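Novice: got a structure for you, letters missing:
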């Protein structure tokens, strides 16, 4: 497994350098899809549907809720082919989010990006690490979503597809 840590300074150039560093350490070139998915800071479902030219759907596989933490395991699949595109593990910190957002998360009907967008939350996504797991042949990223200067989500996404 190869992991590269990301700094926030000058993000545009930084992410390009870090993807290049990851490719050098892997001794391979990542696909354009992988590069876009590793570096994007918007709603993943929207970007995926554009990249694959198909609708996607979210499947929540598991969600464990406590007062301090909601742990969610989900995947995003191609609606046409039913192929898994992304598997995500999210740690959600309820104390750092509005009650209406927590209510929506507990309903298990929508992805985190859709909930944030529909709730019009002003958030910042901070990519911490990107990497490649040779055992699963997947690229991944770990990032945080910050709301009102507090970490509200920490998410690891594994991308395992070539369209």
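Specialist: Sure thing, it's come through. Please read all numbers here as calculations on a predicted model, not as lab measurements.
Novice: make it CA atoms for all contacts and neighbour counts henceforth
Specialist: Fine.
Novice: helix, strand or coil for residue 127?
Specialist: State at residue 127, reduced to three classes by DSSP: H, G, I helix; E, B strand; the rest coil: strand.
Novice: Not counting sequence-adjacent ones, nearest residue to it?
Specialist: Ranked by CA to CA, 6 or more residues apart in numbering and with sequence neighbours excluded, the top spatial neighbour of residue 127 is residue 143, at 4.2 Å.
Novice: how far does the strand or helix carrying that neighbour sit from the chain's center?
Specialist: Residue 143 is part of strand 138-147 when elements are defined by DSSP states H and E. Taking CA atoms, centre = their mean, to the nearest Å, one finds the center of strand 138-147 at 5 Å from the center of the full chain.
Novice: Direction included, what does it pair up with?
Specialist: Based on DSSP bridges, the strands next to strand 138-147 in the sheet, each with its direction, are strand 123-133 (antiparallel), strand 150-159 (antiparallel).
Novice: ok, residues contacting the last one?
Specialist: This means strand 150-159. Residues outside strand 150-159 that contact it (CA atoms under 8 Å, 6 or more residues apart in numbering): 34, 37, 85-94, 96-97, 138-146.
Novice: my guess is residue 80 is in a helix, correct?
Specialist: No: using three-state DSSP, the secondary structure at residue 80 is coil, not a helix.
Novice: Neighbours of residue 158, how many?
Specialist: Other residues near residue 158 number 25, with proximity taken as other CA atoms under 10 Å.
Novice: Appreciated, that's everything.
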